[in-house]
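A.B. asks: no FASTA, just this:
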């Protein structure tokens, strides 16, 4: 819009300049027209003078007609000639004025149009250049914004796709979670109903106990027995687990924990009833501690520490009882019963497993010590045999040196005289050299007796 206004202003300005130029040219033409009119007035005055002269000549002709007949004829011809010349001059002057005015007007119009067109072209060119510059500036400003918007739009589309996919996955996972939750609630209800049966509850506790033993690694490294039965003063006793300790010791574990009150608290929705059930659960656990203490398992098994482990097959069972009765652990210790959750029992079994490993290491160390003594004795004997071989080698070398010494000094000396006496012999008898090397002796001593080192014999010759 600003560009249109500036173009309009430029056009008006050009028109104004053209109008001023045309006005000046029109003034000049009017001046020339005034001069022409003055000349025409002068011509008219001449014409009037000529007419006056004509009238004078006519009057003179009348007076001189009689005398100047011949001249009258001439004068008439001159008058006609002058009249024709005057008319022709007036017509020519009028035509000339008309042509001059028409040419001036046409020239002014053409000049005005040319000036206006040139001015308009200049303003159009300037406006076009300014428009192009403004369009380029706007394009330079808009292009980065357009690119950024394109990138943002692409990212938004990607985010929308990712959001749709994530929403679909989330919906699927939520649906799966809802299904799993329903199944879990169903299974939990089934488990709760099953645990209300004493036999099932006892079997489940035994399974949990075995699982804890497996996690602790006691199946492979420790000797333990399940459902071992003994007879005592209280009648037939059947602990759930007897764990054998290194050194012939044993630890008794009982997993018959009452859970009825806890299951009631789990199923109820009333907070007051829930607190009552949990208090009953703590009381049942305390009563069970008293029952286990009265069985005195440590008197029924030999080499057993004077306590029994009461296993609760879930952390929540133990923590719920402790929340209601914080003195359960102290009460259990005073009655030689150690309450243990799965985590506590795993730690206890890990400690026992460590004891078994140390026992095995001790046994292995004893075997290693016996093997070391036996190997030491065998090496001692082998070293004695090798030392004897070295001594025998030295004696053999000594005997060899004595033999070649005797051979050189007593036999070969006489045999070499054959060649001196001229006897025919093929080759000379070579000189026999003694052996300088001796066997290397062992350079260490054993605990029982030193290894003999033979005396080296260097260049022994029998004389």
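C.D. replies: Right, received. Where do you want to start? Please read these numbers as outputs of a predicted model, since none were measured by experiment.
A.B. asks: what helix or strand does the nearest residue to residue 217 once chain neighbours are set aside sit in?
C.D. replies: In space, residue 217 comes closest to residue 353 once its chain neighbours are excluded; the distance is 5.6 Å by CB to CB, 6 or more residues apart in numbering. In this view, the C-beta of every residue, glycine as well, is placed from N, C-alpha and C. Secondary-structure assignment from DSSP states H and E places residue 353 in helix 342-406.
A.B. asks: Who are the packing partners of that helix?
C.D. replies: Taking 3 or more CB pairs under 8 Å, 6 or more residues apart in numbering; DSSP states H and E as the contact definition, the neighbouring helices and strands of helix 342-406 are helix 198-216, helix 218-221, strand 250-254, strand 308-311.
A.B. asks: can you tell me which of those the model trusts least?
C.D. replies: For the helices and strands packed on helix 342-406, mean pLDDT drops lowest on helix 218-221, to a mean of 67.
A.B. asks: quick one: low-confidence parts of the stretch 301-450 of the chain?
C.D. replies: 303, 419, 422-428, 442-450 (pLDDT under 70).
A.B. asks: distance of residue 362 from residue 370?
C.D. replies: 13 Å (CB to CB, to the nearest Å).
A.B. asks: One more: residue 279?
C.D. replies: Residue 279 sits 62 Å away from residue 370, going by CB to CB.
A.B. asks: Likewise for residue 312?
C.D. replies: Distance of residue 312 to residue 370, given as CB to CB: 46 Å.
A.B. asks: can you check residue 351 too?
C.D. replies: 29 Å.
A.B. asks: most packed of the helices and strands packed on helix 342-406?
C.D. replies: Mean neighbour counts were compared across these using mean count of other CB atoms under 10 Å; the top stretch is strand 308-311, at a mean of 24.
A.B. asks: Following the chain past that strand, name the next helix or strand.
C.D. replies: Next in sequence after strand 308-311, counting helices and strands by DSSP H and E, comes helix 315-324.
A.B. asks: Name the residues of that next one that are buried.
C.D. replies: Judged by neighbour count (16 or more other CB atoms under 10 Å), helix 315-324 contains these buried residues: 317, 318, 320, 321, 322, 324.
A.B. asks: Now flag whichever of the residues you listed is closest to residue 150.
C.D. replies: Set against residue 150, the nearest of the buried residues of helix 315-324 by CB to CB is residue 320 (62.0 Å).
A.B. asks: if I pick that closest one, what's in contact with it?
C.D. replies: Contact partners of residue 320, counting by CB atoms under 8 Å, 6 or more residues apart in numbering, are 262, 265, 278, 281, 282.
A.B. asks: In this model residue 279 seems to touch residue 264, though I could be wrong.
C.D. replies: No. Counting by CB atoms under 8 Å, residue 279 is not a contact partner of residue 264; they are 11.3 Å apart.
A.B. asks: And the strands in the protein, which stretches?
C.D. replies: Read by DSSP state E, the chain holds these strands, from start to end of the chain: 224-226, 230-232, 235-237, 241-244, 250-254, 308-311, 337-340.
A.B. asks: ok so, going back, and the helix holding residue 353 with helix 198-216, angle?
C.D. replies: Taking axes from the mean of the first three to the mean of the last three CA atoms, to 10 degrees, helix 342-406 and helix 198-216 form an angle of 40 degrees between their directions.
A.B. asks: can you give me the angle helix 342-406 makes with strand 250-254?
C.D. replies: Using the same axes, to 10 degrees, helix 342-406 lies at 150 degrees relative to strand 250-254.
A.B. asks: any idea of the angle helix 342-406 forms with helix 315-324?
C.D. replies: Calculated by the same axes, to 10 degrees, helix 342-406 forms an angle of 120 degrees with helix 315-324.
A.B. asks: Residue 317 - nearest residue in space that isn't next to it in sequence?
C.D. replies: By the measure of CB to CB, 6+ apart, the closest residue to residue 317 outside its immediate chain neighbours is residue 262, 5.9 Å from it.
A.B. asks: list the contacts for the one you found?
C.D. replies: Residues in contact with residue 262, defined by CB under 8 Å, 6+ apart, are 277, 278, 281, 316, 317, 320.
A.B. asks: Could you provide these in TSV, with additional columns for distance to residue 180?
C.D. replies: Supplementary listing: the contacts of residue 262 in TSV, determined by distance: CB to CB, whole Å:
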residue	distance to residue 180
277	28
278	28
281	28
316	20
317	24
320	25
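A.B. asks: nearest to residue 138, of those residues?
C.D. replies: residue 316 (72.3 Å).
A.B. asks: distance of the closest one from residue 397?
C.D. replies: Counting by CB to CB, the separation of residue 316 from residue 397 is 89 Å.
A.B. asks: How about residue 271?
C.D. replies: To residue 397, residue 271 is 105 Å away according to CB to CB.
A.B. asks: of these two, who's got more company?
C.D. replies: For residue 271 and residue 397, the more surrounded residue by other CB atoms under 10 Å is residue 397, and the numbers stand at 19 against 8.
A.B. asks: correct me, but the more buried one touches residue 435?
C.D. replies: Yes. In this structure residue 397 lies within contact range of residue 435 using CB under 8 Å: 5.0 Å.
A.B. asks: Would you mind telling me which of residue 279 and residue 370 has the busier surroundings?
C.D. replies: Counted by other CB under 10 Å, residue 279 and residue 370 do not tie: residue 279 has more neighbours, with 16 against 10.
A.B. asks: got a list of what the more buried one touches?
C.D. replies: If a contact means CB under 8 Å, 6+ apart, then residue 279 has residue 324 as its contacts.
A.B. asks: cool, and residue 310?
C.D. replies: 254, 257, 288, 289, 292, 332, 337, 338, 339, 340.
A.B. asks: Compile those residues into CSV and extend it with columns for distance to residue 140.
C.D. replies: Converted to CSV, the contacts of residue 310 look like this (distance: CB to CB, whole Å):
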residue, distance to residue 140
254, 88
257, 82
288, 87
289, 88
292, 90
332, 85
337, 88
338, 84
339, 81
340, 79
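A.B. asks: Restricted to buried residues, select those residues in PyMOL.
C.D. replies: To isolate in PyMOL the members of these that are buried, counting by 16+ other CB under 10 Å, one can use:
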select buried, resi 254+257+288+289+292+332+337+338+339+340
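A.B. asks: if we take the contacts of residue 310, which one ends up nearest to residue 175?
C.D. replies: Taking CB to CB as the measure, residue 175 lies nearest residue 257 of those, at 38.0 Å.
A.B. asks: ok, how many other residues are close to the nearest residue to the closest one once chain neighbours are set aside?
C.D. replies: Ranked by CB to CB, 6+ apart and with sequence neighbours excluded, the top spatial neighbour of residue 257 is residue 312, at 4.9 Å. The tally of other residues near residue 312 (other CB under 10 Å) stands at 26.
A.B. asks: Pop out the phi and psi values for residue 312.
C.D. replies: Recorded main-chain torsions at residue 312 are phi -100, psi 120, according to degrees, to the nearest 10.
A.B. asks: Please tell me how far residue 148 sits from residue 154.
C.D. replies: Between residue 148 and residue 154 the distance, using CB to CB, works out to 11 Å.
A.B. asks: again, but for residue 392
C.D. replies: Counting by CB to CB, the gap between residue 392 and residue 154 amounts to 97 Å.
A.B. asks: now do residue 184
C.D. replies: Following CB to CB, the distance that separates residue 184 from residue 154 is 43 Å.
A.B. asks: Okay then, goodbye and thanks.
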